[in-house]
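Asker: whatever this is, show me its structure:
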Amino acid sequence: MVEHVNIADPQIHEPKGVAAASIGQVYVANGAGSGAWSDLIASVSPTNEVIVNSLSDLPTPSGGIIALADNTRYVFGTSLTFTDRIVCGAGTALQGLSSFITTLTYTGTGIFITTGGALTIKDLSFNCATGDFFAQLSGHNFNFTNIQVVACNNLGTITDSLGFQIMDALFSNVAVNGFTLSGNNAFAIFQTNIATINGGAFLDLGSSTINAFSVTDSSVNLGVGTNFISGLPASGNVAAGSLATLLNNRITGSGTALSGVTEDDAQWQFSLNNVISDTRPDGLAYLSSPQTVTISAASTPVIIGGTWTEETSSQMTITAGGRITYDGVKPAKLPIDISLTLNPVSGSNKDLVGYVAINGVVDLNSAQTVRVNSGTPMTVSLHWQHTFQPNDYVEVFVANTTDTVNIEVVNAILRVN
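Answerer: Numbers count the residues shown, from 1 in each chain. The predicted structure follows:
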């Protein structure tokens, strides 16, 4: 009799119980001298992960909706076509092998994926040519990474989000509108995305408000009549004290980069975008007509007053009284340049002085003096610098350090830039 250990192929028998095992199963020891045949994937997968290789691996549709479980990751191992919508649970995650491998196609006309809870989507491609890609209902956050939407009517609606991030995404053919925001949103981050927009705007802020908004390193091709960003004028979409930024984006095509929003808005910051001017705080005003300043005491600075005209401004407010106020939400170190043409109303050899005043306080170190005879106006220039905090303002003062003869300010120009 041949010992079992000496049996050679092809006489070696299969393991015990193999005749009843299913395809792909392996024998798993139980640590007590026995074991059972089990599915390999199931034996190593967490209980809150579902491997999806067919529609039957998903919950049964009801009323045209596939309702996914809370706190569960669905890993799609193959491309699938859906006629039903997907409604995600709280904490649902959708993942594919790669956005270039796994595509979920939706043939309906509604919203393919809806969530009212936290959601993560990564490494998947979506084709919603006759419908909309996504809707986030309210009160939670979501994250999209390495996804593609190869076609859709609308990218989706985002309402009262606690915050979201969309990065490394490709949106190939957006027919009607991009992402539309509504309500109050905590933060929104768009980074390294590529989009082709054939209708509406890539990011339509509507009348929503956002505490923090950032779009960086993205490339968007705009069709005729479309926009990169659409929103309210005068920073109407940005919460008080907050800042929205667009950095290093590339915009091509026939559309218009901005609608409603401008690079001059106080709570927006634009930098290194190819077709949008960089934000630069700037205020330029001039005295509309000569102004006589009453001097009550020698060497006592007095505001010029008079009527001033705004030439240009960005993130600055200019009053008719000659005050330029910084409206930005972060500190800005800016030069101040002033040109004054001064004339004493009588007498000769009068020492007339110009000053910069910040928030109503004259900076004596900014003084520049010119000696003038009445009837022969002279020009003096002041060059100063100040780190402006939000709502800081600058004005121009003059003084007569010789006596109390009044000063005629023939011309005056004030610039903060």
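
Asker: return the set of buried residues in whichever strand or helix holds I338.
Answerer: With elements taken from DSSP states H and E, the one containing I338 is strand 332-344. For strand 332-344, burial by neighbour count (16 or more other C-beta atoms under 10 Å) applies to 332, 334, 336-344. No exception for glycine: its C-beta is placed from N, CA and C like everyone else's.

Asker: now pLDDT and distance to N227 too, for those residues, in TSV please.
Answerer: Converted to TSV, those look like this (pLDDT from 0 to 100; distance: C-beta to C-beta, whole Å):
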residue	pLDDT	distance to N227
A332	97	28
L334	98	30
I336	98	36
D337	98	36
I338	98	39
S339	98	40
L340	98	44
T341	98	46
L342	98	49
N343	98	52
P344	98	56
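
Asker: biggest separation within these, which pair?
Answerer: Spatial extent of those (C-beta to C-beta) is set by the pair A332 and P344 at 36.6 Å.

Asker: what is the burial count for the spatially closest residue to G64 that is not a sequence neighbour?
Answerer: Among residues not flanking G64 along the chain, D84 sits closest, at 5.2 Å (C-beta to C-beta, 6 or more residues apart in numbering). Neighbour count for D84, taken as other C-beta atoms under 10 Å: 20.

Asker: do the same with A257
Answerer: 22.

Asker: partner strands of the one helix or strand it maps to, with direction?
Answerer: Using DSSP H and E, A257 sits in strand 256-259. Strand pairing for strand 256-259, determined by DSSP bridges: strand 227-230 (parallel).

Asker: which of the helices or strands spans T369?
Answerer: strand 361-372.

Asker: now find how far off-centre that strand is within its chain.
Answerer: Its chain's average C-alpha position is 43 Å from that of strand 361-372, according to C-alpha atoms, centre = their mean, to the nearest Å.

Asker: buried ones in it?
Answerer: For strand 361-372, a neighbour-count test (16+ other C-beta under 10 Å) marks 362-363, 366-368, 370, 372 as buried.

Asker: partner residues bridging the residue most central in space within the chain?
Answerer: In the chain, the centroid-proximal residue (C-alpha atoms, centre = their mean) is S214; its distance is 2.3 Å. Bridge pairing for S214 (DSSP bridges) gives the partners I189, T245.

Asker: so T109: helix, strand or coil?
Answerer: coil (DSSP: H, G, I helix; E, B strand; the rest coil).

Asker: burial measure for it, as a count.
Answerer: Neighbour tally, T109, other C-beta under 10 Å: 10.

Asker: you'd agree it is up against C152?
Answerer: No. T109 lies out of contact with C152 (C-beta atoms under 8 Å); the separation is 11.2 Å.
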